[in-house]
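S.K.: make a model of this:
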Amino acid sequence: MKTRLKADLALLLAAIVWGMAFVAQRSAALLQGGFAFNGLRFLLGALVLLPFSGLRWRSGWKEFRLAVLAGMLLFIASAFQQYGVHYTTAGNAGFLTSLYVVLVPVLLVLGWRERPGWISWVAVVLAVAGAFLLSTGGRFEVRVGDGLELSGAVFWALHVIVVGRYASRIDSLTFAASQFGVCALLNLIVSLLAEQAGPGDLFAMRWAILYTGIFSIGLGFTLQVMAQKHTPSTDAALIMSLESVVAVISGWLLLGEELRPIQILGCGFILMGVLMTQLGTGALVAGKEHE
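M.R.: Numbering: from 1, shown residues only. A predicted model of the protein is given here:
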């Protein structure tokens, strides 16, 4: 129980770091060079971890393939998210991205025959309803970029599942640094082939790259890898959905964005969903102790 609590707290910290990173990402999204931005920040995240990871592989190529898979999923998900926000509203992007919370248990049932308990399903519904109210204010208007954001949600969900099922086979820091390196390489290759971001654009992104590279990626995703060794994927997705709460509050505090009562209600729904996962964990542990 103590190990699970520590893991859940690590996921909460990751959600806080990611939510605050939305301010930096929103600023970078207005400039040219989305792939360059993603490539540089993931590269920085990999370099931050490299001295600590030592790239300790236990069984060689088989483990490395899992890290490559995770890195490819990160690349695809972040690309859809970064470019989708150009063609839709921030509210739509936030809500549609948050749908990975419900996609995780659905994909686990379809692909891995895992069936989360009823408490998890109720918590997922609460979290999605909360994300809808929080991100859109109760009004959703279809935009051109919504399909990109929804596609990104599928790959975010797959990334959560891959980390949850396979990260325990590899040293956490090695897995994290390797997936960051793969994601960075793919982004930089696409940037060189398809983008025309100049030095001025990259210089304007410097603070966003530094913050998201060191904290959002180097710290946040590493905490996710370490924590998901002990927290089921569905519960992990619910806890990480608090990222949207932090993002809206950060936008309100730092960017002067509006925070309406209906959005506060959405925050409450998400918090209720997360608390239900904790109550479910406590009930499960108590049941095992009485067996």
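
S.K.: show me where the stretch 51-200 of the chain has its helices.
M.R.: 61-84, 90-98, 100-112, 118-136, 146-166, 172-194, 199-204 (DSSP state H, counting those that start in this stretch).

S.K.: helices or strands next to the helix or strand that comes right after the last one in the packing?
M.R.: Moving toward the C-terminus from helix 199-204, the next helix or strand (DSSP states H and E) is helix 206-211. Here helix 206-211 touches helix 2-29, helix 34-53, going by 3 or more Cβ pairs under 8 Å, 6 or more residues apart in numbering; DSSP states H and E. C-beta here means a position set from N, CA and C on the backbone, and glycine is covered the same way.

S.K.: what are the buried residues along helix 206-211?
M.R.: 208, 209, 211 (16 or more other Cβ atoms under 10 Å).

S.K.: out of the helices of the stretch 51-200 of the chain, deepest packed?
M.R.: The highest mean neighbour count among these, using mean count of other Cβ atoms under 10 Å, belongs to helix 90-98: a mean of 24.

S.K.: ok, and what's touching it?
M.R.: Helix 90-98 is contacted from outside by 26, 81, 84-85, 88, 127-128, 131-132, 134-137, 140-141, 143, 145-146, 149-150, 152-153, 156, 241, 244, 247-248, using Cβ atoms under 8 Å, 6 or more residues apart in numbering.

S.K.: swap in 7 Å and give it another go.
M.R.: 26, 81, 84-85, 128, 131-132, 135-137, 140, 143, 146, 149-150, 152-153, 156, 241, 244, 247 (Cβ atoms under 7 Å, 6 or more residues apart in numbering).

S.K.: where does residue 259 sit: helix, strand or coil?
M.R.: coil (DSSP: H, G, I helix; E, B strand; the rest coil).

S.K.: quick one, phi psi at the closest residue to it other than its chain neighbours?
M.R.: Excluding the flanking residues, the one nearest residue 259 by Cβ to Cβ, 6 or more residues apart in numbering is residue 252, at 4.2 Å. When read as degrees, to the nearest 10, the backbone of residue 252 gives phi -70, psi -40.

S.K.: for the one 3 residues further on, same thing?
M.R.: Phi and psi for residue 255, reported as degrees, to the nearest 10, are phi -110, psi 0.

S.K.: same question, residue 196
M.R.: Dihedral angles (degrees, to the nearest 10) for residue 196: phi -130, psi 40.

S.K.: go on, residue 241?
M.R.: phi -70, psi -20.

S.K.: give the contact list for it.
M.R.: So residue 241 contacts 98, 101, 127, 131, 270 (Cβ under 7 Å, 6+ apart).

S.K.: hmm, the third one is touching residue 275, no?
M.R.: It stands for residue 127. No: taking contacts as Cβ atoms under 7 Å, residue 127 lies outside contact range of residue 275: 10.7 Å.

S.K.: one step back: among the helices of the stretch 51-200 of the chain, which is nearest residue 20?
M.R.: Among the helices of the stretch 51-200 of the chain, the nearest to residue 20 by Cβ to Cβ is helix 90-98 (14.0 Å).

S.K.: quick one: that closest one to helix 2-29, angle?
M.R.: Orientation of helix 90-98 against helix 2-29 (axes from the mean of the first three to the mean of the last three Cα atoms, to 10 degrees) gives an angle of 140 degrees.
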